[in-house]
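Chemist: Attaching a predicted model along with its sequence, questions to come.
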Amino acid sequence: MKLDDVLQFFDVRHPNLALILLGVSIGAATVLDITGVFTNCWISNGKNCTGIVPFDSTEPAWLAASSWMLFISVGVMVILLLY
């Protein structure tokens, strides 16, 4: 099987396959990002369980920074999906 045969298969039978795959991957990334950001229990140590998003000022600095970055990632994704 040659590369030309493969390219011809995708061009003739599925001319918009690249756009379809791009749309599916953007949709999957959106679902995974929103699920990851708003899941309540990411970090667990025995009895206590906390998520990354519920911001608490007593958290370590890296956890607070990751919380803000995740909020920003969801905000940017919503803006990009609307435009």
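Modeler: Received the coordinates, thanks.

Chemist: just checking, next helix/strand downstream of the worst-scoring helix or strand of the chain on mean pLDDT?
Modeler: When the helices and strands of the chain are scored by mean pLDDT, DSSP states H and E, helix 3-13 comes last with a mean of 67. As assigned by DSSP states H and E, the chain's next helix or strand after helix 3-13 is helix 17-37.

Chemist: any idea of the mean pLDDT for that next one?
Modeler: For helix 17-37, mean pLDDT is 85.

Chemist: How far does it sit from its chain's centre?
Modeler: Averaging C-alpha positions (Cα atoms, centre = their mean, to the nearest Å) puts helix 17-37 7 Å from its chain's average.

Chemist: So which elements touch that helix?
Modeler: helix 61-82 (3 or more Cβ pairs under 8 Å, 6 or more residues apart in numbering; DSSP states H and E). In this view, the C-beta of every residue, glycine as well, is placed from N, C-alpha and C.

Chemist: Show me what the helix it packs on is packed up against.
Modeler: Contacts defined by 3+ Cβ pairs under 8 Å, 6+ apart place helix 61-82 against helix 17-37.

Chemist: Name the residues of the helix it packs on that are buried.
Modeler: Within helix 17-37, the residues that qualify as buried are Asp33, Val37, counting by 16 or more other Cβ atoms under 10 Å.

Chemist: got the angle for that helix vs helix 61-82?
Modeler: 140 degrees (axes from the mean of the first three to the mean of the last three Cα atoms, to 10 degrees).
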